[in-house]
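# Structure here, sequence nowhere to be found:
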């Protein structure tokens, strides 16, 4: 029996594969600190109480039929108002599209802009751009980034690839690294995009920028920057991806929003009417009310961010302590999101059972079994399996879990020869 060529060659998520292994071991009684999936343990990080109450109220009021295909007017208005208040961005409710989280938005952006063989540019490591490029039969151009720039692309990294490209994909704070663009770094990239678009004729597609800022509210001591705030003329070319999933610990609530040029957003709306990727109506109603309550939003974020930051700082301090002890490790100081970037330079080493750690995936499974600690290798984000860098996501663990796993990590690494 056969299926489509697309389905036959589709690669599943490496993150989910590792997560399934962790869940299987935990079901057998293993104690594992799961630092893999970019999710939140809802018992440690519950959604805001006001949001929970609003969802329950909406269900009691029988708001269980179809929502409008582009999202409730009340929610699009709340998003519009919040964008103005929080980032000084002017987007009308008509230029905002509500979906079930951010994934349908990203898929719709690709399908709306990219024709078969069109050039799409994205940095590695980055989340899922390789898969969306595959799904749209794009000509994917992966731009390797460097530790020296916190694994973010520079204007000079991107410059050689912009000619003829139709889509540039950026994210800040970045999944998987938790690092962020400075104002200067993002400004230089925006200047390149504007420069490239001035070269294009009326019969050519512009170079669009997909800007994923789903973690924008989760920053620690650094300011979040976005293209249109830096250069108003970028409004014609920038499509934003945003939503509740990470900023309100609401990954399962499934309310995301995109906004950008009217032409692109209108075509995304039309595309998604055939997909039905709508956020549930009760959740939309509740998010509209919560987002309009500035005091409740700010109070929640203050407490939530402090807890996340404490966990990130604890893990970072633990890795740096191992470094001072002579271990071949490194970590980048956390700037935002849920993630710490960790280097474990132990590829090629031999485990006590004689097995050689040939690549980053081998090391992941060695640590799961010997340190009770599960990480995601950068190979899940487009890098080669010989790259010894890993993402640690702290949302699924308590602060005590992180403290407990560090001595186990030290022993497991010490056992490698």
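Right, received. Where do you want to start? Please read all numbers here as calculations on a predicted model, not as lab measurements.

# how many neighbours does residue 55 have?
Other residues near residue 55 number 23, with proximity taken as other Cβ atoms under 10 Å. Any C-beta I mention is one placed from the backbone N, CA and C, and that applies to glycine too.

# helix/strand/coil for residue 120?
When the structure is reduced to helix, strand and coil (DSSP: H, G, I helix; E, B strand; the rest coil), residue 120 reads as strand.

# any weak-confidence spans in the stretch 151-300 of the chain?
Per-residue confidence of the stretch 151-300 of the chain (counting by pLDDT under 70) places no residue in a weak region.

# can you give me the strands for it?
Secondary structure of the stretch 151-300 of the chain (DSSP state E, counting those that start in this stretch): strands at 165-171, 208-212, 238-243, 256-259.

# Run the chain-centre distance for the last one.
Put plainly, it is strand 256-259. Shown here is strand 256-259, whose average C-alpha point lies 14 Å from the average C-alpha point of the whole chain (Cα atoms, centre = their mean, to the nearest Å).

# cool, the third one as well?
Using Cα atoms, centre = their mean, the mean C-alpha position of strand 238-243 is found 12 Å from that of the whole chain.

# What pairs with it, parallel or antiparallel?
With DSSP bridges as the criterion, the sheet partners recorded for strand 238-243 are strand 208-212 (parallel), strand 256-259 (antiparallel).

# Residues in contact with that strand: which ones?
The set of residues that contact strand 238-243 without belonging to it, under Cβ atoms under 8 Å, 6 or more residues apart in numbering, is 101-102, 105-106, 109, 208-214, 216, 226-228, 255-261, 264-265.

# And the helices in the stretch 301-417 of the chain?
Ranges of helices within the stretch 301-417 of the chain are 360-370, 399-414, based on DSSP state H, counting those that start in this stretch.

# what's around residue 115, how many residues?
Around residue 115 sit 11 other residues, with neighbours defined as other Cβ under 10 Å.

# ok, now how distant is the nearest residue to it once chain neighbours are set aside from residue 54?
In space, and not counting its chain neighbours, residue 115 is closest to residue 166: 7.8 Å by Cβ to Cβ, 6 or more residues apart in numbering. The gap separating residue 166 from residue 54 is 39 Å, by Cβ to Cβ, to the nearest Å.

# Can you give me the buried ones in stretch 289-301?
Residues of stretch 289-301 classed as buried: 289, 290, 291, 292, 293, 296, 297, 300 (neighbour count, 16 or more other Cβ atoms under 10 Å).

# how's the chain carved up into domains?
Listed domain ranges for the chain are 5-30+299-415, 49-297 (source: the TED database).

# which one of these lies closest to residue 37?
Each of the domains of the chain was scored for nearness to residue 37 using Cβ to Cβ, and the closest is domain 5-30+299-415 (5.2 Å).

# Run the chain-centre distance for the closest one.
Mean-position distance between domain 5-30+299-415 and its chain equals 17 Å (Cα atoms, centre = their mean).

# try stretch 176-194
Its chain's C-alpha centre lies 16 Å from the corresponding centre of stretch 176-194 when counted by Cα atoms, centre = their mean.

# Let me have the strands of the stretch 151-300 of the chain in CSV, extended by mean neighbour count and distance to residue 38.
Output for the strands of the stretch 151-300 of the chain, formatted as CSV (neighbours: other Cβ atoms under 10 Å; distance: least, Cβ to Cβ, whole Å):
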stretch, mean neighbour count, distance to residue 38
strand 165-171, 24, 12
strand 208-212, 25, 12
strand 238-243, 25, 13
strand 256-259, 27, 14
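
# which one of these lies closest to residue 94?
When the strands of the stretch 151-300 of the chain are compared by Cβ to Cβ, strand 256-259 sits nearest residue 94, at 9.9 Å.

# what's that closest one in contact with?
Residues outside strand 256-259 that contact it (Cβ under 8 Å, 6+ apart): 71, 75-76, 79, 83, 89, 91, 95-105, 108-109, 214, 239-245, 265, 268, 279.

# hey, which of the helices of the stretch 301-417 of the chain is tucked in deepest?
Burial among those, expressed as mean neighbours by mean count of other Cβ atoms under 10 Å, is greatest for helix 360-370, which shows a mean of 20.

# which strands and helices sit next to that one?
In terms of contact count using 3 or more Cβ pairs under 8 Å, 6 or more residues apart in numbering; DSSP states H and E, helix 360-370 is assigned the packing partners helix 14-27, strand 373-374, strand 376-377, strand 389-393, helix 399-414.

# For residue 144, what are phi and psi?
When quoted as degrees, to the nearest 10, the phi and psi of residue 144 stand at phi -70, psi 130.

# who touches residue 85 in this structure?
Under the criterion of Cβ under 8 Å, 6+ apart, the contact partners of residue 85 comprise residue 294.

# What's the separation between it and residue 223?
16 Å.

# Likewise for residue 63?
Shown here: residue 63 relative to residue 223, a distance of 37 Å by Cβ to Cβ.

# Also residue 415?
43 Å.

# neighbour count winner among the two?
residue 415 (15 against 8).

# Kindly tell me how buried the closest residue to the more buried one other than its chain neighbours is, as a neighbour count.
The spatially closest residue to residue 415, leaving aside those adjacent along the chain, is residue 352, at 5.3 Å (Cβ to Cβ, 6+ apart). In terms of burial, residue 352 registers 11 neighbours under the definition other Cβ under 10 Å.

# same check, this time on residue 6
Residue neighbour count, defined by other Cβ under 10 Å, stands at 10 for residue 6.

# Which one of the domains of the chain lies nearest to residue 43?
Of all those, the one in closest proximity to residue 43, counting by Cβ to Cβ, is domain 5-30+299-415 (9.1 Å).

# who's in contact with the residue nearest in space to the middle of the chain?
Geometric centre of the chain, nearest residue: residue 175, 4.1 Å, by Cα atoms, centre = their mean. Residues in contact with residue 175, defined by Cβ under 8 Å, 6+ apart, are 38, 126, 127, 212, 214, 215, 337, 339, 381, 391.

# My guess is the first one contacts residue 381. True?
No. Under the criterion of Cβ atoms under 8 Å, residue 38 lies out of contact with residue 381, with a separation of 11.1 Å.

# overlap in contacts of the two?
Counting by Cβ under 8 Å, 6+ apart, the residues touching both residue 38 and residue 381 are 127, 175.

# Pick out whichever of these two has more residues nearby.
Regarding residue 38 and residue 381, a neighbour count based on other Cβ under 10 Å identifies residue 381 as having more, with 25 against 21.

# Just give the number of residues close to the nearest residue to that one once chain neighbours are set aside.
Distances taken as Cβ to Cβ, 6+ apart put residue 125 closest to residue 381, at 3.4 Å, once the chain neighbours are dropped. Taking other Cβ under 10 Å as the neighbour definition, residue 125 ends up with a count of 26.
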